[in-house]
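Enquirer: let me see the structure of the following:
(one chain, ligands or ions: 2)
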Amino acid sequence: NLPIVVIAGRPNVGKSTLFNRLVGRRQALVSDQPGVTRDRKEGEALMRGRRIRIIDTAGLEEAAPDTLFGRMRASSESAVSMADLVLFCIDARAGITPTDAHFANWLRRQNRPVMLIANKAEGKAGTDAALEAYSLGLGTPLALSAEHGEGISDLMGEIVDRL
Ligand code: GDP
Ligand code: MG
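Expert: Ligands and ions are numbered 1, 2, ... in the order given. Now for the predicted structure:
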């Protein structure tokens with residue numbers, strides 16, 4: 001019964017890159033289940049000596065409902081309901097999109113602890129978006145770069161503190 005951290009957000013914000021960064025080679029538990037949960041990847045991360053289950057929500061393109069938000073909600077709903085902590089990711093280079101805002105509204109109503117992640121913020125990129133992200137009402141955004149590995153150690157510390 002490890003604590004469960006779910007990575008959520010619209011396509012292309014860098015969820016899978018963050019998943020791989022957190023899980024590293026400990027992907028023995030990765031399971032692609034057929035049907036609704038297709039492409040949902042699970043792995044185990046070690047953070048400050050604690051084992052944590054990480055779930056990467058995906059498969060949005062294959063889900064049935066009409067709108068992008070509908071697909072996000074459908075693919076995230078069961079994972080979010082199990083989450084001890086949700087990492088809600090935005091793309092700091094793209095800024096906040098209407099879909100991000102819509103999903104954030106839905107997420108706030110799920111009554112799960114959420115950490116707001118402003119990804120793709122390597123160097124000084126994304127500073128404006130990180131500020132803008134306060135308006136989502138999900139607390140202080142944590143700027144990082146999953147691809148370049150910047151801010152990951154801080155993220156792990158925050159996750160462990162929040163669990
Ligand atoms: P997902 O659809 O949310 O799972 O996003 P992916 O992890 O597949 O990443 C989408 C794209 O964003 C890929 O081309 C990644 O290489 C890129 N990406 C992910 N993280 C970063 C980052 O920290 N900085 C930049 N510049 N690009 C990133
Ligand atoms: Mg992905």
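Enquirer: show me what residue of this structure gets nearest to ligand 2.
Expert: Relative to ligand 2, the nearest point of the chain is residue 16 (3.2 Å; CB to the ion). Yep, even glycine has a C-beta here, placed from its N, CA and C like the rest.
Enquirer: and that residue, how many neighbours?
Expert: Residue 16 has 17 neighbouring residues, counting by other CB atoms under 10 Å.
Enquirer: that one belongs to a strand?
Expert: No: Residue 16: not assigned to a strand; according to DSSP: H, G, I helix; E, B strand; the rest coil it is helix.
Enquirer: which of the helices and strands in the chain ranks last by mean pLDDT?
Expert: helix 68-82 (a mean of 77; mean pLDDT, DSSP states H and E).
Enquirer: what is that one packed up against?
Expert: Packing contacts for helix 68-82, counted by 3 or more CB pairs under 8 Å, 6 or more residues apart in numbering; DSSP states H and E, involve strand 4-8, helix 98-108.
Enquirer: does residue 83 touch residue 5 like I think?
Expert: Yes: applying CB atoms under 8 Å, one finds residue 83 in contact with residue 5, separated by 6.8 Å.
Enquirer: tell me the contacts of the spatially closest residue to residue 110 that is not a sequence neighbour?
Expert: Nearest residue to residue 110, sequence neighbours excluded (CB to CB, 6 or more residues apart in numbering): residue 80, at 5.4 Å. By CB atoms under 8 Å, 6 or more residues apart in numbering, residue 80 lies in contact with 6, 8, 86, 107, 110, 112.
Enquirer: and for residue 151, the neighbour number?
Expert: With neighbours defined by other CB under 10 Å, the count for residue 151 comes to 19.
Enquirer: and for residue 134?
Expert: Every residue meeting other CB under 10 Å relative to residue 134 is counted, giving 13.
Enquirer: who touches it in this structure?
Expert: Residue 134 makes contacts with 140-141, as judged by CB under 8 Å, 6+ apart.
Enquirer: quick check, it in a strand?
Expert: No: counting by three-state DSSP, residue 134 is not found in a strand; it is helix.
Enquirer: circling back: give me whichever of the helices and strands packed on helix 68-82 is most buried.
Expert: strand 4-8 (a mean of 24; mean count of other CB atoms under 10 Å).
Enquirer: sheet partners, orientation included, of that strand?
Expert: strand 50-56 (parallel), strand 85-91 (parallel) (DSSP bridges).
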